[in-house]
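J.: Quick one, what's the 3D model for this:
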Amino acid sequence: MAKKWELEKVRNIGISAHIDSGKTTLTERILFYTGRIHAIHDVRGKDGVGAKMDSMELERERGITIQSAATNVHWGDTNINIIDTPGHVDFTVEVERALRVLDGAILVLCGTSGVQSQSITVDRQMKRYNVPRLAFVNKLDRQGSDPVRVMEQLREKLRHNAVMYQLPIGEEDNFSGVVDLITMRAYYFDGANGENIREEDIPADMVDRCNEFREQLIEKAADFDDDLAMKFLEGEHDQITNDEIKAAIRKGVLSLNLTPVFCGSAFKNKGVQLLLNAVTEYLPNPKEIDNHALDIDNNEEEVVVQTDDSKPLVALAFKLEDGRYGQLTYMRIYQGTMNKGDFIINTTNQKKVKVPRLVKMHSDDMEDVDVAYAGDIVALFGVDCASGDTFTDGTINWAMSSMFVPDAVISLAVRPKDKSGEANFSKALQKFRKEDPTFRVHRDEESNETIISGMGELHLDVYVERMKREFKCEVVTGAPQVAYRETIGQAADYDYTHKKQTGGSGQFAKVVGKMIPIEKSDDPTEETKNYEFVDNITGGRIPKEYIPAVDKGYQEALAKGTLIGFPIVNVRMELDDGAYHDVDSSEMAFRICAVQAFRQAYEKAKPTALEPLMKLEVSAPEEFQGAVMGQVNQRRGMISGTTTQEGFVTVEAEVPLSEMFGYSTELRSATQGKGEFTMEFSRYAPVPRNVQEELVKAYQEEKAKANK
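T.: Purely as a prediction, here's the structure:
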């Protein structure tokens, strides 16, 4: 039987960061200190066991997190549900879906590298879902680590109102503990695994520095409490209590306007328990977060979902996983309770399903429970649904808003090596598609090939490898194909009449209007609409019932451009005039007419090919700086900045994805294996004229071949 926790004592948190900042190591230590595991294993451990949260064989081999893993721990009298998310941008949807259902997060940053490109992405995702966060500067035992510099980067690069909550005692190899700037006490972590916390006075040589940083902390906290501000401004510092400061900091964190910075080294077992204390003190409980749903029966009006067991059930399926026990569906219960044996309704397709088994997850282990309450994160077996579906008890028909799913940037043609593997091949594709919304599958009508698309080479590599391991299906892959787009360079008019007369009733439709480019916003956080439809018809020139068919026709034409055969983006279609026939007009006639009108205007609107540009961050020893920059320039890269620190250079650039195949091998050979890089999608930009000509030529040849 699941214990019913007081909601004030529940925390649903995520741990996210740039790849290799130590998230999984931090989670491993949290599990150890909360008594969840009794021995610590490292991500690339010599014992061959691997970290508890990396349960997939592939994760242990590659030393990276691929799937987000959930666990549940108790710290003091608080019940904490934790999701460890991947840092690699190819698995960004795992972070999206975790943040969608979490109430708070820990942003882990490397003490040496600080705020990196994917820290920026993760931070943007946290802002998208309004997730309050604490920052934890990890790896302070490393050479060149400096938490104050990382705090300043949080302010400059991420525009956080960041403030030091702790200061480290000793630097790099001599890092031995932390000072809490509220209690003004020093804490050391003794014992084989840092399990014994020793409290001491602050080292004498640190007192002045600690006073200075405590002053800054109180000043920031005072913005969230008028009484505290008054005492601070009037110099009554001795009247300020620790509880007052903590209450003000909590207010700042919950309003997303303050980010306290904690220090430690998860690998060296220092600072983790104090971070857990901060999670219970400063991150919100489920009741303190506003969640909304759409009432389907009431014109999708927004309604507040209350974290209350007595209300009707509302739960969101945020992740599917095919484990060793069959399909597991992870759910966050937002409202009401869910009992084993209950019937629940999927509001997406109105299907009624029974809850056959309810479990709390601990990575790939589980414990059965009979009931789950509002605020819980649980997993169910045997519930067939898609990621993002909402479930209720049937008394209400609500849908939670779904998460943001980025577009795929790379495609690969795949086929099973042997005929015998075809059944397993399609089974694998179905399964992967269901569990990962960024993994897409389609059939290319012209070449008759199966095409898989995803977020990057590693993303698709992992799925090809999983087909081999989990489904015993070897596949043959074609050359990777970049997801180009097409757009228009200028506005164009259209005036098209569709007439067809063949015995019996004919077809008639006429549409007149403009095709206009949509201007892209300069603000990277703003999503630009790829397509807009404006209906300017007056006086019934086209009957109302045919307008949606025109819109549908335009959208159909967007799917494949006539320039290089890729989807068309950033187009506004204005419908200004038209004509119809009482007998011969129909929805189909207007749809066909719209497709042809679109193509007519497209030819005149200066069609242009767009390519995905990637944000590239390369890190290598200083002596290889010339080689690294030369390689980036060769690949049509635009270098936006270089920073040097502790003998390492970091080069930031924007590079077309089409030029990045095989880059990892080339970088390794140019830097004697010491160079590393991360890459993520940045934006679409027009391709150079010579590249466009090549793409057009290749598309024409492909079409000619298909027509033979």
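J.: So Tyr663 is in contact with Arg635, correct?
T.: Yes. Counting by CB atoms under 8 Å, Tyr663 sits close enough to Arg635 to count as a contact (7.2 Å). Where C-beta positions appear, they are placed from N, C-alpha and C, glycine not excepted.
J.: Over to Val409: give its phi and psi.
T.: Dihedral angles phi and psi of Val409 (degrees, to the nearest 10) take the values phi -120, psi -10.
J.: ok, it to Val115 distance?
T.: Between Val409 and Val115 the distance, using CB to CB, to the nearest Å, works out to 24 Å.
J.: ditto for Arg149
T.: For Arg149, the distance to Val115 (CB to CB) stands at 10 Å.
J.: For the two, indicate the residue with more neighbours.
T.: Between Arg149 and Val115, counted using other CB atoms under 10 Å, the more crowded position is Val115 (24 against 16).
J.: Which residue is the nearest non-sequential neighbour of that one?
T.: Leaving out its chain neighbours, the residue that sits closest to Val115 by CB to CB, 6 or more residues apart in numbering is Gln153, at 4.1 Å.
J.: What does that neighbour show for phi and psi?
T.: Here the main-chain torsion angles of Gln153 (degrees, to the nearest 10) amount to phi -70, psi -40.
J.: what's the answer for the one 4 residues further on, then?
T.: Comment: the main-chain dihedrals of Lys157 come out as phi -80, psi -40, following degrees, to the nearest 10.
J.: OK, contacts around the closest residue to it other than its chain neighbours?
T.: With sequence-adjacent residues excluded and distances taken as CB to CB, 6+ apart, Lys157 is closest to Val115, at 4.5 Å. Counting by CB atoms under 8 Å, 6 or more residues apart in numbering, Val115 touches Leu109, Val150, Gln153, Leu154, Lys157, Leu158.
J.: and if you look at Val383?
T.: Contact partners of Val383, counting by CB under 8 Å, 6+ apart, are Ala317, Gln327, Thr329, Val353, Val355, Pro356.
J.: And the contacts of whichever strand or helix holds Asp551?
T.: With elements taken from DSSP states H and E, the one containing Asp551 is helix 547-558. Residues outside helix 547-558 that contact it (CB under 8 Å, 6+ apart): 511, 530-531, 533, 535, 537, 542, 567-569, 571, 573, 575, 578, 587-588, 590-595, 597-599, 602.
J.: 7 Å instead?
T.: Under the criterion CB atoms under 7 Å, 6 or more residues apart in numbering, residues 511, 531, 533, 535, 537, 567-568, 571, 573, 575, 587, 590-595, 598-599 lie in contact with helix 547-558.
J.: and if you look at stretch 443-457?
T.: Applying CB under 7 Å, 6+ apart, the set of residues contacting stretch 443-457 from outside is 89-90, 92, 406, 408-415, 438-442, 460, 463, 480, 483, 702, 706.
J.: Out of these, which sit inside strands?
T.: Secondary structure of those is defined by DSSP state E; positions in strands are Ile410, Ser411, Leu412, Ala413, Val414, Arg415, Arg440, Val441, His442.
J.: can you tell me which residues contact Tyr282?
T.: Counting by CB under 7 Å, 6+ apart, Tyr282 makes contact with Leu134, Ile249, Arg250, Val253, Pro260.
J.: Please determine how far it is located from Leu610.
T.: Counting by CB to CB, the gap between Tyr282 and Leu610 amounts to 43 Å.
J.: do Glu212 as well
T.: According to CB to CB, Glu212 stands 51 Å off from Leu610.
J.: try Lys419
T.: To Leu610, Lys419 is 39 Å away according to CB to CB.
J.: Can you pick out the residue with more neighbours from the two?
T.: When neighbours are counted by other CB under 10 Å, Leu610 comes out ahead of the other of Lys419 and Leu610, with 22 against 7.
J.: I figured that one hits Pro688, correct?
T.: No. Leu610 is beyond contact range of Pro688, at 11.7 Å (criterion: CB atoms under 7 Å).
J.: follow-up on the earlier one: dump the contacts of Val115 into CSV; add neighbour count, distance to Ile245 and pLDDT as well.
T.: As requested, the contacts of Val115 are arranged in CSV below (neighbours: other CB atoms under 10 Å; distance: CB to CB, whole Å; pLDDT from 0 to 100):
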residue, neighbour count, distance to Ile245, pLDDT
Leu109, 26, 23, 92
Val150, 25, 22, 94
Gln153, 18, 25, 92
Leu154, 24, 20, 93
Lys157, 15, 27, 87
Leu158, 20, 24, 88
